[in-house]
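Asks: Build the 3D model from these lines:
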Amino acid sequence: MNKQKIIIGLAVLVLALAVYFFSHDRTTHQHGSTTEQAGVSVRPHSTSGVVSVDIKFVNGRLHLLLGKLDQDQDQASLWYQSSPDHGQTWSKLVNITATMDITAKFHRGNDARLAVQGNNIVAVWMSKKEGAPHNAGPMMSVRSADGGQSWQQAGMPADWDGAHGFFAMDSNEKQISLVWLDSRQQLGKGSQGMRYTHSQNGGITWLANKTLDQQTCACCWNTARFDGEGQLYVLYRDKQPSDMALGQVDQHGKWQRLSSVGDFNWDFEGCPHIGGGLAFDESGQFHATVATGHEQYLGVYYLNSVDQGRSWSAKIQLGDSSAVHSDIAVLDNGIVLATWDQISESGFEVVYALSQDGGETWGEQIAISTKGIRSSHPRVIAMNKEFLLLWTESTVGGAHSLQTKLIINGDEIDN
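Replies: Numbers count the residues shown, from 1 in each chain. Here you go, the predicted structure:
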């Protein structure tokens, strides 16, 4: 085994951690150049101080949840706003924790999460508990029953009062589902268990918790998506090896681990703090982005599945070996957009690439973040014929901000 390659790989992971802990070329298929600053700016209100981001597109409306910390990093707050026109205009920004004295431990990679079910909206996040390991505390929750106009503190979905984090949420007409990690049954170093619950009354009450996987990576974010048949798919980082895995909670609440998403066979005792992205297209094909620190496969990769996640295509590398955090989405017309962050000459940058043929081939990678500003943890949402990209940027002095970009029907329009 090449020790030098291992050291380089771990150095990339450490740098990725620094992106959110403390400030907090090539094409995607063939080598080539990088194009800069494509797309249309779409700016929600009050984007400064943002260290946590979640977004949903439900029934034609965007729902945005922002977590903020003041300059001293000791006062936390959560803010909600929505857009009925794909981000062109936004509702009034609402501090949904204004009546609460919250201590939050959120940052990019352990973001507060949002679920939307009609007029019912639920948000959850990790609380901060001084003196606990990593100062991590139990989850907190708020909900709205009037489409985000007013908010109330809600009951805790977990039935164990230890620390909970790395949440994933999604909803359909029948339920709101929540996945998270906790250590109520710690089985090994650098691991936690993945828990699940759901609510059938808009987040007022939650069913008994279930353990989906007893031993997963301790601190990588999870992704959860409902398909059109009411089945919840969860993308998460497993242990032994530390590859990403896909599982399914069916309509009857039964869990099944389906596959490893890319058999890298990467075994890592610690926690890389890196999740992945998952999207479905109209034909039922699954699209995923995953990252690995394996010495032979450093970076972010794209794969797809035509059998509901039971097997996966050959992996295609996105960007270079310094790529870390990623996300993916697909339009109604089948255009796929993958986005990730990677190291450039001027620092960490956010880039994206498009596929017009369902992920078979990929176009030129496009840099969209501000040059010379540390940029990381991109998210992408598909809205019929438009993609909305979001990421956070931070300066050396610790100022954080949310940035956004709109890509219309796969066409890149200059600012």
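
Asks: from memory residue 368 sits against residue 404, does it?
Replies: No - using CB atoms under 8 Å, residue 368 is not in contact with residue 404; the gap is 9.6 Å. Heads up, the C-betas are built off the backbone N, CA and C, glycines and all.

Asks: which neighbours do the two share?
Replies: Common contacts of residue 368 and residue 404, defined by CB atoms under 8 Å, 6 or more residues apart in numbering, comprise residue 389.

Asks: quick one, helices of the stretch 201-350 of the chain?
Replies: Assigned by DSSP state H, counting those that start in this stretch, the stretch 201-350 of the chain shows no helices.

Asks: hey, where'd the strands end up in it?
Replies: For the stretch 201-350 of the chain, the strands defined by DSSP state E, counting those that start in this stretch cover 210-217, 223-226, 232-237, 244-249, 255-260, 277-280, 286-292, 299-305, 316-318, 326-330, 336-344, 347-355.

Asks: Please write out the alpha-carbon positions of the fourth one in CSV.
Replies: Spelled out, it's strand 244-249. What follows is strand 244-249, C-alpha atoms only, in CSV (Å, rounded to 0.1, in the frame of the first residue of the first chain):
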residue,chain,number,x,y,z
MET,A,244,-21.8,4.8,0.7
ALA,A,245,-24.8,2.5,0.9
LEU,A,246,-28.4,2.7,-0.2
GLY,A,247,-31.3,1.3,1.7
GLN,A,248,-35.1,1.3,1.5
VAL,A,249,-37.9,1.7,4.0
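
Asks: pLDDT (mean, whole number) over that strand?
Replies: Averaging pLDDT along strand 244-249 yields 98.

Asks: just the last one next, same as before
Replies: What strand 347-355 shows for mean pLDDT is 94.

Asks: If we ignore the residues flanking it in sequence, what's nearest residue 67?
Replies: Nearest residue to residue 67, sequence neighbours excluded (CB to CB, 6 or more residues apart in numbering): residue 52, at 2.8 Å.

Asks: Can you check the pLDDT for that neighbour?
Replies: 96.

Asks: how about the nearest residue to residue 133, chain neighbours excluded?
Replies: Nearest non-adjacent residue to residue 133, counting by CB to CB, 6+ apart: residue 163, 7.3 Å away.

Asks: With residue 173 instead?
Replies: Excluding its sequence neighbours, the residue lying closest to residue 173 (CB to CB, 6+ apart) is residue 117, at 7.5 Å.

Asks: Which residues are in contact with that neighbour?
Replies: 171, 172, 173, 175, 176, 202, 203.

Asks: thinking the fifth one is in contact with residue 122, fair?
Replies: The reference is to residue 176. Yes - in this structure residue 176 lies within contact range of residue 122 using CB under 8 Å: 5.8 Å.

Asks: Can you tell me who residue 126 pairs with across the strands?
Replies: Going by DSSP bridges, residue 126 is paired in beta bridges with residue 139.

Asks: so it makes contact with residue 165?
Replies: Yes - under the criterion of CB under 8 Å, residue 126 makes contact with residue 165 at 4.3 Å.

Asks: list residues touching both of the two?
Replies: Counting by CB under 8 Å, 6+ apart, the contacts common to residue 126 and residue 165 are 105, 110, 136, 139.

Asks: ok, so of the residues you listed, who is nearest residue 273?
Replies: Of all those, residue 110 has the smallest distance to residue 273: 8.2 Å, by CB to CB.

Asks: so residue 134 sits in a helix?
Replies: Yes - applying DSSP: H, G, I helix; E, B strand; the rest coil, one finds residue 134 inside a helix.

Asks: Quick one, grab the pLDDT at it.
Replies: 87.

Asks: neighbours around residue 64, how many?
Replies: Residue 64: 26 surrounding residues under other CB atoms under 10 Å.

Asks: can you pull the buried residues of the host helix or strand of it?
Replies: Residue 64 is part of strand 61-69 when elements are defined by DSSP states H and E. For strand 61-69, a neighbour-count test (16 or more other CB atoms under 10 Å) marks 61, 62, 63, 64, 65, 66, 67, 68, 69 as buried.
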